[in-house]
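Generate a structure from the sequence data that follows.
(one chain, ligands or ions: 1)
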Amino acid sequence: MGGEESEKQEDSQGPSELLQSLRSKATELLLREEWEESIKVYTKFIDLSRSQISKLCGSNPDPEPDSIHKLRKSLCLALCNRAEARARLRDFSEAMRDCDQALELESTHFKTLICKGKVLFGLSKYSSALECFRTALLDPQASDNLETVTGYMEKCRKLESQGKTGALDLSDWILSGFRGRSPELAEFIGTIEIKKSEVSGRGLFAAKNIVAGTSVLVTKAVAIERGILGSGESGEKAQLIMWKNFVEDVTESVRKCDRTCRLVSTLSTGQDEDKLEIPEMSLFRPDDGEAFEIFRNSKNLDTEKLLSILDVNSLVEDATSAKVMGKNKEYYGVGLWILASFINHSCIPNARRLHVGDYAIVHASRDIKAGEEITSAYFDVLSSPLEKRKEMAESWGFRCGCSRCKYESVLSVTNQEILELEMGLERGVDAGNAVYMVEEGMKRWKVKGKDKGLLRASYWGVYDEIYSSERLMRRWGRKVPTMEVVVDSVSDVIGSDERLLKMVVEGMKKKSGGGCSNIAEMERILKLGKGVYGKAVSKKKAMKTLLGLES
Ligand SMILES: C[S@@+](CC[C@H](N)C(=O)[O-])C[C@H]1O[C@@H](n2cnc3c(N)ncnc32)[C@H](O)[C@@H]1O
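The predicted model follows:
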């Protein structure tokens, strides 16, 4: 039936007939999963029911309690069904409002309690969700749905505990060959704080010592867009379409949810970062009931500001994560993860991200001391000398102010030999010769201790070449430090990296003819692996599988 025709019919009906027909139509639309349309019809039904209730209550001195009771009951169910439809459209704020209004009419309405529990679960508010499911269990209807309700409660308990401790384990999923959906995770905020950063604007800081591999935070994407890019022009086109969809999704989430709007508003637009407010950490805790209230009616974000925020803060899922998720090389994912957006870049980073499902897990890639800023690499900081890193930072719209850049700037302006070395590298000088030049140069330039790791990281490309080549090692092996010494010094400053890990794994395989005999070497590999993948891969067998050491 056309819209006009149905309106005419509605006009000719009496209130109770109209209520009846609206209810059947809304139910039908709900069953057909036509969420938007069903919301519209439920809204008409809800408005009409309310006006009927107030008419009956106001005009009749002796209102017939049964008719009001029936109207209230169907109003409660309609609110609950509209909440369900709104939740399906991820309009959680409105869905919550509907649930609360339904529960005002019937405080133990089973279906509404389940719906509210699921909405709270979707908002990562696990203890409040658990409370709803617990109350729902008291309803007689629960006996028919016991397994479903207890299943939800089980999930809430697991994720509530994970959200408090950050202890999560991807091992079984990895060992199953990434079968099925990615594991459900809870948001987690470790002992960290947002403070003014010496680098730029605000940054994330460790409030306690953090051991390498430990999760610093687990955060759910506001929106994420994924796909396979393909190469050349079609790849670029696909990337543009994904970006457009991603912007639309974020805009929609911001429009629908006051909390999302408020949180996204805290992010930098890249302008006047040093004047930005330092948000309270409690703002980011999903299960903070009080904080939830303060988000109501947050001001909306204008499009221009939102686009700048997305420009500065959107992250791309990296290759390591793509591997963990079993994706191919052309896989591309772009998303916005709010708390992770407070992490500044450093060319000597101490943290890494792993993307699992819609979650970004940030973990320490080396030990972090209390008070130290938590940083990650926005671009490749291994095998990138100073000038290349400057270009990459520029494309991100900033000049890197990290201590490695400062150190190497001073060294290169005062050192003609470094310029000659780089010119030699451009001309394609033999990798063994280049490594020898760097190592001998560091003695003359009085580069000591940890600083050696910085230069070795900058020229990692040539180190990689000789340690991977038997021919070059036969020629240069005795004149240059061992691969283990170089890997340790580099990982000491830039944290664990997949390429360092791969080199040690390959080295061990070569020495032992494919096996893994040496316990000390195995320990070194597992330590690097923990830095790359984090303690989330807790079982050795799972780590070995990721490293290709286990079939
Ligand atoms: C994702 S935000 C990081 C958090 C940001 N500092 C804030 O206050 O919200 C990225 C922006 O931080 C700044 N930034 C990050 N790392 C930097 C670095 N190493 N040097 C200078 N600016 C940096 C740049 O302005 C960059 O556009």
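
excluding its backbone neighbours, what's nearest Val487?
Leaving aside its sequence neighbours, Val487 sits nearest to Leu500 (C-beta to C-beta, 6 or more residues apart in numbering; 5.1 Å). In this view, the C-beta of every residue, glycine as well, is placed from N, C-alpha and C.

Please apply the same query to Gly180.
Trp173 (7.9 Å).

Just the C-alpha atoms of the helix or strand that neighbour falls within, please, in PDB.
Using DSSP states H and E, Trp173 sits in helix 171-175. Provided in PDB are the C-alpha atoms of helix 171-175 (Å, rounded to 0.1, in the frame of the first residue of the first chain):
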ATOM      1  CA  SER A 171      46.300 -18.100  21.400                       C
ATOM      2  CA  ASP A 172      43.400 -20.500  20.700                       C
ATOM      3  CA  TRP A 173      42.200 -18.400  17.900                       C
ATOM      4  CA  ILE A 174      45.600 -18.400  16.300                       C
ATOM      5  CA  LEU A 175      46.000 -22.100  16.900                       C
END
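
quick revisit: I'd assumed Pro183 was in contact with the residue nearest to Gly180.
Yes. Using C-beta atoms under 8 Å, Trp173 is in contact with Pro183, at 5.2 Å.

which one of those two has more residues nearby?
Remark: of Trp173 and Pro183, Trp173 carries more neighbours, 21 against 16, as counted by other C-beta atoms under 10 Å.

before we move on, back to that, tell me the buried residues in the helix or strand where the residue nearest to Val487 lies?
Per DSSP H and E, Leu500 falls inside helix 498-512. Going by neighbour count (16 or more other C-beta atoms under 10 Å), the buried part of helix 498-512 is Glu498, Leu500, Leu501, Lys502, Met503, Val504, Val505, Gly507, Met508.

Neighbours of the residue lying closest to the last one once chain neighbours are set aside, how many?
This points to Met508. Nearest residue to Met508 in three dimensions, chain neighbours excluded: Glu521, at 4.8 Å (C-beta to C-beta, 6+ apart). Residues contacting Glu521 under the criterion other C-beta under 10 Å number 17.

swap in Arg88?
15.

Without its sequence neighbours, what residue ends up closest to it?
Excluding its sequence neighbours, the residue lying closest to Arg88 (C-beta to C-beta, 6+ apart) is Trp35, at 5.0 Å.

count of residues packed around the one you found?
18.

Skip the chain neighbours and tell me the closest residue to the residue in the stretch 201-350 of the chain positioned nearest to the ligand.
Distances between the stretch 201-350 of the chain and the ligand by C-beta to the nearest ligand atom are smallest at Gly201, namely 2.6 Å. Nearest-residue entry for Gly201: Glu273, 2.9 Å, with adjacent residues in sequence omitted and distances by C-beta to C-beta, 6+ apart.

Now do the strands in the stretch 201-350 of the chain.
In the stretch 201-350 of the chain, the strands defined using DSSP state E, counting those that start in this stretch lie at 202-206, 215-220, 223-228, 315-316, 331-336, 344-345.

okay if I get the ones you listed as a markdown table plus mean pLDDT and mean neighbour count?
Formatted as a markdown table, these follow (pLDDT from 0 to 100; neighbours: other C-beta atoms under 10 Å):
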| stretch | mean pLDDT | mean neighbour count |
| --- | --- | --- |
| strand 202-206 | 98 | 22 |
| strand 215-220 | 96 | 24 |
| strand 223-228 | 90 | 18 |
| strand 315-316 | 91 | 16 |
| strand 331-336 | 89 | 21 |
| strand 344-345 | 96 | 22 |
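
circling back: just the CA coordinates for the helix holding Leu500, please, in CSV.
What follows is helix 498-512, C-alpha atoms only, in CSV (Å, rounded to 0.1, in the frame of the first residue of the first chain):
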residue,chain,number,x,y,z
GLU,A,498,58.7,-7.9,12.8
ARG,A,499,61.8,-7.6,10.6
LEU,A,500,64.2,-8.0,13.5
LEU,A,501,62.2,-11.0,14.6
LYS,A,502,62.3,-12.5,11.2
MET,A,503,66.0,-12.1,10.9
VAL,A,504,66.7,-13.9,14.2
VAL,A,505,64.2,-16.7,13.3
GLU,A,506,65.9,-17.1,9.9
GLY,A,507,69.4,-17.0,11.5
MET,A,508,68.4,-19.7,13.9
LYS,A,509,66.9,-21.9,11.2
LYS,A,510,70.1,-21.6,9.2
LYS,A,511,72.3,-22.6,12.1
SER,A,512,70.2,-25.5,13.2
